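> for reference, the sequence and a predicted model appear below.
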Amino acid sequence: MIPKENLLRVIRHDGPEWVPDGMESVVSIEPPIIERPGCASCDPWGVGWNLEEGAEGGTFPAHDGHTIRDLASWRQQIRIPQVHGLDWSRPLAELAKGSTGANDPKQVEYRRRAQRMVTELWGNYGPLAYIWFDGGVLPVEKGGADLAPIQRRLQPHAVTFGGPAENPAGLSRWPGNEDGVTGYPNWSTVKRANDEGAGDANGTVWEPGECDVPLRKQQWFWHPNQENSLRSLDELMDIYYKSVGRNANLIVNASINRDGLVPDADMKRFKEFGDEIRRRFAKPLAQTAGEGETVELDLGRPAKINHAIVMEKITEGERIREYVVEGFAGGTWKELCKGQSVGHKRIEKFGDVEVSKVRLRVTSSTAKPLIRQLAVYNITPRPK
């Protein structure tokens, strides 16, 4: 099963804009329903941007009620990247209040208004890369809005989460929890569109996993004096290993306060998260790429390692079904770890071991394994 290019862009999102300098983690932002004060180098939802990469600071101007229109215009004026996604909530997933079914006049009017709303939002503000349907969509035969033809016409390249199964650009899926983690093995294919869980190795629909979690425990929305609910850096790193490290994307929610900003304590934790990801994984001790059942990495001399990252060339699909990573020490090869799914990225951690060579042995695959990266690391404890 080979993914579409749109889905590859979602999976390979190695430099996301929504965690300052983060790696493969995205902060999901809900627009505030209030006017917010100006914030140089922040977007209107209070998220800091890396000004060293070309974006310029600016202040979201007062607007006349057309928030999305003015947001799109403001971003363009100060050269901040295009809006990456829109989040639809329950109205598209449920019957209108008081409706008895698809043919109820209330539902007919509700469906008409929903389709007009979607047409405006998808047709007036530029291309979208990703569209969330939080809670899914009500099927057309049950009275839901007929969204698939509107998307094909207005946003044919947008990947959707929980949206119409007929999306030509492809879908992503929910792992079945809001803890930010997925089970293992975790495959990018499923048997049916909008399936949930950890995927199916024999699936025929490419639908990579998306793990979501609030930064504040059990709180998707901001509440005052709740900074003690912030997840610790250790908790966030554990989530990272169990999402990104298991072939999934990670979305971390930022709760917007009454000023329309991500609170300082939350932004500090996001920065710590990005810094720690870079500290651990920005510079491998050694790395290589290759093809075939065995890919070997020569370290040049004995060195202590405790992590390995394996990545497949997923432009050709997920081919690995089982693998072993081994280290060469004392004249023999010793098993360091083993697993099943690899896909975009598998992060393996194990006890400290000194080796001079490392090799990946693929013990089961559907075709010749194509290894985009085999890398090893010696990750030391975080400085206090």
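Noted; the coordinates are in hand. Numbers count the residues shown, from 1 in each chain.
> worst-scoring helix or strand of this structure, pLDDT-wise?
Here the helix or strand of the chain ranked lowest by mean pLDDT, DSSP states H and E is strand 25-29, holding a mean of 37.
> got the contact list for the closest residue to E109 other than its chain neighbours?
Nearest residue to E109, sequence neighbours excluded (C-beta to C-beta, 6 or more residues apart in numbering): A96, at 7.7 Å. C-beta here means a position set from N, CA and C on the backbone, and glycine is covered the same way. Residues near A96 by C-beta atoms under 8 Å, 6 or more residues apart in numbering: D104, K106, Q107, E109, Y110.
> for D134, see how far away A96 is.
Applying C-beta to C-beta, to the nearest Å, the value for A96 to D134 is 18 Å.
> do you know the pLDDT at G292?
G292 is assigned a pLDDT of 98 by the prediction.
> mind checking the SS state of P3?
Reduced to three states with DSSP: H, G, I helix; E, B strand; the rest coil, the structure at P3 is coil.
> roughly how far apart are it and G209?
From P3 across to G209, the span is 13 Å (C-beta to C-beta).
> touching both of those two, which residues are there?
S188.
> what about those two, which has more around it?
When P3 and G209 are compared for neighbours, G209 comes out ahead with 27 against 23, by other C-beta atoms under 10 Å.
> isn't that one right next to P185, touching?
No: G209 lies out of contact with P185 (C-beta atoms under 8 Å); the separation is 11.2 Å.
> find the residues that touch each one of these two.
Taking C-beta under 8 Å, 6+ apart as the contact rule, G209 and P185 both touch A198, G199.
> quick one, phi/psi of E276?
phi -70, psi -40 (degrees, to the nearest 10).
> same question, D264
phi -60, psi -40.
> kindly report the same for Q373.
Dihedral angles (degrees, to the nearest 10) for Q373: phi -160, psi 140.
> what does the pLDDT read for it?
At Q373, pLDDT is 97.
> next: the one 10 residues further on.
Reading off the per-residue confidence, P383 sits at a pLDDT of 85.
> how about the secondary structure of it?
The three-state assignment at P383 reads coil, by three-state DSSP.
> what is the burial count for L250?
By other C-beta under 10 Å, neighbour count at L250 equals 28.
> centroid-nearest residue for this structure?
With distances taken as C-alpha atoms, centre = their mean, N249 lies nearest the centre of the chain, 3.1 Å away.
> correct me, but that residue touches S243?
Yes: in this structure N249 lies within contact range of S243 using C-beta under 8 Å: 7.3 Å.
> joint contacts of these two?
Common contacts of N249 and S243 (C-beta under 8 Å, 6+ apart): G209, C211.
> how far away is the residue of the chain positioned farthest from its centre from G339?
Most distant residue from the mean C-alpha position of the chain: G331, 41.7 Å away (C-alpha atoms, centre = their mean). As for G331, its distance to G339 is 26 Å (criterion: C-beta to C-beta).
> show me the chain divided up by domain.
5-281, 286-377 (automatic domain parsing).
> between the two ends of the last one, what distance do you get?
In this case it means domain 286-377. For domain 286-377, the first and last residues are 8 Å from each other (C-alpha to C-alpha, to the nearest Å).
> from Q340, how far off is T380?
Distance of T380 to Q340, given as C-beta to C-beta: 29 Å.
> I meant A114, not that one.
Counting by C-beta to C-beta, the gap from A114 to Q340 is 42 Å.
> so the two - more neighbours on which side?
Just comparing A114 and Q340: by other C-beta under 10 Å the higher neighbour count belongs to A114, 20 against 15.
> quick one: pLDDT of that one?
86.
> now swap in the one 3 residues further on and tell me
M117 carries a pLDDT score of 87 in this model.
> so which bits of the helix or strand where I371 lies are buried?
Using DSSP states H and E, I371 sits within strand 370-377. Residues L370, I371, R372, Q373, L374, A375, V376, Y377 are the ones in strand 370-377 that count as buried (16 or more other C-beta atoms under 10 Å).
> can you pull out the strands in the stretch 201-350 of the chain?
Taking DSSP state E, counting those that start in this stretch, the strands of the stretch 201-350 of the chain run over residues 205-206, 210-214, 249-254, 286-291, 294-312, 320-329, 332-339, 346-365.
> would a markdown table of those strands with distance to A145 be doable?
Shown next, in a markdown table, are these (distance: least, C-beta to C-beta, whole Å):
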| stretch | distance to A145 |
| --- | --- |
| strand 205-206 | 23 |
| strand 210-214 | 23 |
| strand 249-254 | 24 |
| strand 286-291 | 45 |
| strand 294-312 | 37 |
| strand 320-329 | 40 |
| strand 332-339 | 42 |
| strand 346-365 | 39 |
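> residue boundaries of the helices in this structure?
5-11, 67-77, 105-123, 148-154, 233-241, 264-281 (DSSP state H).
> which other helices and strands contact the third one?
In terms of contacts (3 or more C-beta pairs under 8 Å, 6 or more residues apart in numbering; DSSP states H and E), helix 105-123 is packed against helix 148-154.
> and the contacts of the helix it packs on?
Under the contact criterion C-beta under 8 Å, 6+ apart, helix 148-154 has outside partners 115, 118-119, 122-123, 131, 158, 160, 163-164, 166-168.
> circling back: and the strand holding I371, what does it pack against?
Here strand 370-377 touches strand 286-291, strand 294-312, strand 346-365, going by 3+ C-beta pairs under 8 Å, 6+ apart.
> how about a cut-off of 10 Å?
Counting contacts by 3 or more C-beta pairs under 10 Å, 6 or more residues apart in numbering; DSSP states H and E, strand 370-377 packs against helix 264-281, strand 286-291, strand 294-312, strand 320-329, strand 346-365.
> chain center to it, what's the gap?
21 Å (C-alpha atoms, centre = their mean, to the nearest Å).
> partner strands of it, with direction?
strand 286-291 (antiparallel), strand 294-312 (antiparallel) (DSSP bridges).
> which of those is buried the deepest?
Highest mean neighbour count of the strands paired with strand 370-377: strand 294-312, a mean of 17 (counted as mean count of other C-beta atoms under 10 Å).
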